[in-house]
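>>> Give me coordinates for this.
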Amino acid sequence: MKNLIEQLRRRALFQWALAYLGGAWLLLQIVDTIAEPWGLSDGIERGIQISLVLGFLLTVVLSWYHGERGQQRVTGTELLLVTLLLGAAGILVPRAMSPRGSDAAAAATTALEPRSIAVLPFADLSASEDQAYFGEGMAEEILSGLSRIPGLRVSARTSAFLLRNDDIATVGARLGVSTVLEGSVRREGDLVRISVQLIDVATESYLWSGEYDRRGGAVLAIQDEIAQEVARALEFELGVGGDGVLLANTANPIAYDLYLRGRYEWNQRTPEAFRRALGFFEDALAADPNYAVAYSGLADTYVLLFEYQRIPLEEAIPAATAAARRALSLEAGLGEARTSMGEILAAQREWAAAEVEYEQALDLSPGYATGHHWYGYFLSHLGRHEEAIAHLRMGKDLDPLSAVIRRDLAAALFHARDFEGALTEAAECERLALQPPWCAGMAAIRLRALEAVGRHIEAERQAVEMRDGSAILQVDALMDLPRIWAGMGRLAEARSQLAVERERAGDRLPGGSSPAFHVWIAEVLVALGDHEAAYAELDLAMDLGFAIGPVLLRGWPPFDPLRGTDRFEAILERMRYP
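As a prediction, this is how the structure comes out:
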């Protein structure tokens, strides 16, 4: 032992080890500081950490053999140890730097499809900086038109617009597209100047560019010109193309401007923005009563105001139906309006007729992410899990940064009893920090999945954290703690909390009620064992028109204790499922 300690002292092994550890610690602090501003991935950080560990072992080997003055020979043992350490580095470092777990989902979109494009919102270069809605609207119109070209995959609006401030390489990697269309808008009085560039992601070189100066109503033809120019450029470069790719437009510049403002508000996806969108669409139609896409926007707004529990069924459905029918009478090939009609019919439990509309919509607009999203969720309501998940995944592929599509995919997985899959989607939504309101909405699925796999304490902790971190909870989230506590056997606390939250939620709903509100209460009552009271709440939900809602009633796991009973089967009959 004394001899070993003496050799360690003579070879200065401790000094070498301490010096290395001090340097490694300093390097890790530097890496941690620059990781976010430089955009270093988790894989790169893991690779650096593993390299430092292996480097420490290499330092120990070299100091043992060369720390003593005059010991400069290289032995066979030393060569073997160094070779083994370098071999371990060659295996472990690349593995650490490659995507794992949740990183794999993000990496899945990095393969660049050869026939694909993302359209970024046009930058507002106007002196007044008040034309963001116009730049977004122009880009969205072009995007909608390009999505009609057969064989061309067009990244959906949500994902493309979220990456507006990223460089071209990042946009291509995140969305898996090979080309990107970007542009700018400068509006001064009646004059509009639009510059557009079609860029190859791999080389970051221009495939085509154009500049347009227009006045007044002549602006309305610009998106047609741009889309046709892009189609020709893509046809030349990628072998795809098509004529007549854009939606029907209007000859009225005032109507067009109001429509763009309406879509800008609609895409905010909040109840207040929907109300503003209604006003803009109605004003656009007052300016041009034959503007088909404005009727489609009106129908979409009424549909979601009902689904967001802001207006009752008897107000939403007639207005949405009239708008969608008018849009289709003006433009029968409007896939977006067919999708709206499918959602309207589903909300009335007209399942067979709704499916016809969804299928026609996707025939007309196969690249419409919302079409796949709404059709997939519709199929999940019918219990057709495999088809539902397939369409929702198509929507997710088209719009990988859409939190609302990911949320409904997680709900479909939960409905199909793939609880771990639902938890994975929830974790990925939060990891990507997508649209906070919708990642918060994902909590409804995540908490139920945790309960389903018996992780009640974790579900309770997350529900409490969500309450502490939110000034105003969504109405459904008010029922989380009572439901979780009931599942944990804390029945008295659950009953007391349910009474409090029921009153709070009712105060925040128009008329104090909604179809989904009673379904959420029924979930808590089932967990409490109050089945008769749960049946009464579900009947109330049926009376108020529950159909396409946040709970997929047919096979929803929290209602398993009711399944097979006469009362529950009678409720399902009221849904008129095929």
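>>> OK, contacts around the closest residue in space to residue 285 that isn't next to it in sequence?
Leaving aside its sequence neighbours, residue 285 sits nearest to residue 294 (C-beta to C-beta, 6 or more residues apart in numbering; 5.2 Å). Yep, even glycine has a C-beta here, placed from its N, CA and C like the rest. By C-beta atoms under 8 Å, 6 or more residues apart in numbering, the contact list for residue 294 reads 250, 255, 258, 259, 262, 281, 284, 285, 288.
>>> can you tell me how far the first one sits from residue 285?
To tie it back to what came earlier, the one meant is residue 250. Note on residue 250: its distance to residue 285, by C-beta to C-beta, to the nearest Å, is 10 Å.
>>> what sits in contact with each of the two?
291, 294.
>>> what ranges do the strands span in the protein?
According to DSSP state E, the chain carries its strands in the segments 113-119, 123-124, 153-154, 177-188, 191-200, 205-215.
>>> Tell me how many other residues crowd residue 457.
11 (other C-beta atoms under 10 Å).
>>> got a pLDDT number for it?
Here, the pLDDT recorded for residue 457 equals 95.
>>> go on, residue 230?
67.
>>> Which members of the contacts of residue 294 are classed as buried?
250, 255, 258, 259, 262, 281, 284, 285, 288 (16 or more other C-beta atoms under 10 Å).
>>> OK, contacts around the third one?
Put plainly, it is residue 258. 280, 281, 283, 284, 287, 294.
>>> Who's the closest spatial neighbour of the third one, skipping the chain neighbours?
Of all residues not flanking residue 283 in the chain, residue 258 sits nearest, at 4.8 Å (C-beta to C-beta, 6+ apart).
>>> how far away is that neighbour from residue 137?
10 Å.
>>> returning to what we had before: which of the contacts of residue 258 sits closest to residue 377?
Residue 377 has its nearest neighbour among these in residue 281, at 24.0 Å by C-beta to C-beta.
>>> Would you confirm that that closest one contacts residue 299?
No - if you go by C-beta atoms under 8 Å, residue 281 and residue 299 don't touch, sitting 9.3 Å apart.
>>> Show me the shaky parts of this structure.
Within the chain, the segments meeting pLDDT under 70 span 1-14, 16, 31-47, 60-113, 216-224, 227-228, 230-249, 433-440, 469-473.
>>> that older thread, which among the buried ones among the contacts of residue 294 gets closest to residue 395?
Of the buried ones among the contacts of residue 294, the one sitting nearest to residue 395 (C-beta to C-beta) turns out to be residue 262, at 22.9 Å.
>>> tell me the contacts of the nearest residue to that closest one once chain neighbours are set aside?
Excluding the flanking residues, the one nearest residue 262 by C-beta to C-beta, 6+ apart is residue 280, at 3.4 Å. Applying C-beta under 8 Å, 6+ apart, we find residue 280 in contact with 258, 259, 261, 262, 265.
>>> Considering those, which is situated nearest to residue 23?
Nearest member of these to residue 23, counting by C-beta to C-beta, is residue 265, at 55.6 Å.
>>> tally of neighbours for the closest one?
Residue 265, neighbours per other C-beta under 10 Å, totals 23.
>>> Burial check on the nearest residue to it once chain neighbours are set aside, number of neighbours?
Excluding the flanking residues, the one nearest residue 265 by C-beta to C-beta, 6+ apart is residue 277, at 3.9 Å. Close neighbours of residue 277, defined as other C-beta under 10 Å, add up to 25.
>>> related to what we said a few turns ago, list just the one of the strands of the chain that sits closest to residue 432.
strand 113-119 (16.5 Å).
>>> Note down every partner strand of the closest one and its orientation.
In the sheet, strand 113-119 lines up against strand 153-154 (parallel), strand 177-188 (parallel) (DSSP bridges).
>>> Compare those strands and give me the one nearest residue 15.
strand 177-188 (54.5 Å).
>>> With residue 127 as the reference, measure out to the closest residue to residue 408 other than its chain neighbours.
Leaving aside its sequence neighbours, residue 408 sits nearest to residue 377 (C-beta to C-beta, 6+ apart; 4.8 Å). Remark: distance between residue 377 and residue 127 (C-beta to C-beta) = 44 Å.
>>> more neighbours, those two?
residue 377 (26 against 9).
>>> Assess the claim that the residue nearest to residue 408 and residue 387 are in contact.
No - assessed by C-beta under 8 Å, residue 377 is found out of contact with residue 387, at 11.4 Å.
>>> follow-up on the earlier one: who are the contact partners of the residue nearest to residue 408?
Contacts of residue 377 (C-beta under 8 Å, 6+ apart): 388, 392, 408, 411, 412, 548.
>>> if we go to 7 Å?
392, 408, 412 (C-beta atoms under 7 Å, 6 or more residues apart in numbering).
>>> what's the closest of those to residue 475?
If you rank those by distance to residue 475 using C-beta to C-beta, residue 408 comes first, at 17.9 Å.
>>> can I get the buried ones among the contacts of residue 294 in a markdown table with distance to residue 209?
As requested, the buried ones among the contacts of residue 294 are exported to a markdown table (distance: C-beta to C-beta, whole Å):
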| residue | distance to residue 209 |
| --- | --- |
| 250 | 27 |
| 255 | 30 |
| 258 | 30 |
| 259 | 27 |
| 262 | 30 |
| 281 | 33 |
| 284 | 31 |
| 285 | 35 |
| 288 | 32 |
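>>> so which of the strands of the chain gets nearest residue 330?
strand 153-154 (23.8 Å).
>>> And for the closest one, what's in contact with it?
Here strand 153-154 makes contact (C-beta under 7 Å, 6+ apart) with 113, 115, 116, 117, 143, 146, 147, 367.
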